[in-house]
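A.B. asks: sequence? don't have it. structure:
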């Protein structure tokens, strides 16, 4: 069986006399789709120098009927897969690529003969194109960072976030009291840059941080970093996350809390050997040169015991909050079940107490689908 060589799409444009000759070839195969063609064609006037100035922007909360293009735009290509609609349009001296998603976000890329024209096209496209999300006290806006094929990317989403008063009783007495103090903090109270929540899985660390995002919403934007191992491995990614999301409107500037979940390897005692410069860059962000002048806090969750954490992480003065979130004691778990179950019978509480996850499973009467492997005796019979 012979394979057919991939077709080649050659995009060669007219060159400006002063610009170096540029030509390139795009190989097409079964993995390519119409969106890939639009992406390639959108680059052509930029590559050949006809439109050497490019600008991009991301839009959130895009109105369904927003045109996202000037009135005089000539639509050259469209592609729609049901979730994402791509449009390539052009006008006098500019070319525009629009990626519009069913989630209500959009990416606009424009190249033009002058920077001013590129900015004008983007401004026209974005004018009255978005709507502010409806205010809901039970929801909070959270950013999500990842380092993709095109570099650091941030997407903003609205997530459900409980009020602290709603979940206060889910934590042991001392932990709940400490969290209550943390929830009440404001910008003027910040004296350390690191929040450390450690303890076994299922004890409610993430739930507490979602509540924190709601309680701090007026003065602090929470961003979750999905790939923290890459964040501290690549200085460019770290710089973008630490510095690259400032607003030009000083009245809207807020503190930012970077949320890094399950970072055991980054902050345990052997971190210097296992992560190289990762720990040093984390510390530099919290109270070193990188953190100077930046209103940035870092929250880390880990399952590690305090005794196994690197001493540089937990030294005095570095942590704004350091909380060990553990099980509820047997008495606390019994009281929790009595409050939540009402007249329903409560399961037995072991002497070591129960985690929040175990308590919720008992309250919701959830059962897991389980299967265990068959065990064989040494003589070949079943046990």
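C.D. replies: Received it, and whenever you're ready, just let me know what you need. Source: prediction; values computed, not measured. Numbering: from 1, shown residues only.

A.B. asks: who's the residue nearest to residue 225 when sequence neighbours are not counted bridged to?
C.D. replies: Nearest residue to residue 225 in three dimensions, chain neighbours excluded: residue 145, at 4.8 Å (C-beta to C-beta, 6 or more residues apart in numbering). Just so you know, the C-beta spots here come from the backbone N, C-alpha and C atoms, and that holds for glycine as well. Beta-bridge partners recorded for residue 145 (DSSP bridges): residue 154, residue 225.

A.B. asks: Residue 145 and residue 355: what is the separation?
C.D. replies: Remark: distance between residue 145 and residue 355 (C-beta to C-beta, to the nearest Å) = 29 Å.

A.B. asks: Thought residue 156 was touching the residue nearest to residue 225, still the case?
C.D. replies: No. Checked against C-beta atoms under 8 Å, the pair residue 145 and residue 156 is beyond contact range at 10.4 Å.

A.B. asks: Neighbour count: those two, which is higher?
C.D. replies: Neighbour count, other C-beta atoms under 10 Å: between residue 145 and residue 156, residue 145 has more, with 24 against 16.

A.B. asks: Residue 240 in helix, strand or coil?
C.D. replies: Classification of residue 240 using DSSP: H, G, I helix; E, B strand; the rest coil returns helix.

A.B. asks: Check it and give its pLDDT.
C.D. replies: Per-residue confidence (pLDDT) for residue 240: 87.

A.B. asks: for the one 3 residues further on, same thing?
C.D. replies: You'll see residue 243 listed with a pLDDT of 74.

A.B. asks: buried sites along stretch 26-45?
C.D. replies: For stretch 26-45, the neighbour count (16 or more other C-beta atoms under 10 Å) marks 26, 32, 35, 37-45 as buried.

A.B. asks: same question but for stretch 229-239, I mixed them up
C.D. replies: Counting neighbours by 16+ other C-beta under 10 Å, stretch 229-239 gives 230-234, 237-238 as buried.

A.B. asks: so where's this structure shaky on pLDDT?
C.D. replies: Across the chain, residues meeting the criterion (pLDDT under 70) sit at 1-23, 133-135, 244-252, 266-276, 288-293, 306-308, 310, 375-383.

A.B. asks: Can you give me the domain assignment for it?
C.D. replies: Split into domains by automatic domain parsing, the chain comes to 7-126, 151-319, 327-383.

A.B. asks: okay if I get the ones you listed as a markdown table plus distance to residue 136?
C.D. replies: Formatted as a markdown table, the entries for those read as follows, by distance: least, C-beta to C-beta, whole Å:
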| stretch | distance to residue 136 |
| --- | --- |
| domain 7-126 | 14 |
| domain 151-319 | 8 |
| domain 327-383 | 23 |
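
A.B. asks: and residue 138, which of these is closest to it?
C.D. replies: Nearest of these to residue 138, taken as C-beta to C-beta: domain 151-319 at 6.1 Å.

A.B. asks: What segments of the stretch 201-350 of the chain are helices?
C.D. replies: For the stretch 201-350 of the chain, applying DSSP state H, counting those that start in this stretch gives helices covering 205-215, 228-231, 235-243, 264-267, 271-275, 278-287, 311-314, 330-341.

A.B. asks: For the second one, name the packing helices and strands.
C.D. replies: Counting contacts by 3 or more C-beta pairs under 8 Å, 6 or more residues apart in numbering; DSSP states H and E, helix 228-231 is packed against strand 139-148, helix 235-243, helix 264-267.

A.B. asks: how about 7 Å then?
C.D. replies: helix 235-243 (3 or more C-beta pairs under 7 Å, 6 or more residues apart in numbering; DSSP states H and E).

A.B. asks: from the buried residues of stretch 26-45, which two are the most distant?
C.D. replies: Pairwise over the buried residues of stretch 26-45, using C-beta to C-beta, the maximum falls at 32 and 45, 21.0 Å.

A.B. asks: Distance of the residue nearest to residue 225 relative to residue 104?
C.D. replies: Residue 145 is 19 Å from residue 104, by C-beta to C-beta.

A.B. asks: Residue 40 now?
C.D. replies: Applying C-beta to C-beta, the value for residue 40 to residue 104 is 27 Å.

A.B. asks: In contact with the spatially most central residue of the chain, which residues are there?
C.D. replies: The chain has residue 144 as the residue nearest its centroid, 1.5 Å off, counting by C-alpha atoms, centre = their mean. Counting by C-beta atoms under 7 Å, 6 or more residues apart in numbering, residue 144 makes contact with 154-155, 157, 224, 226.
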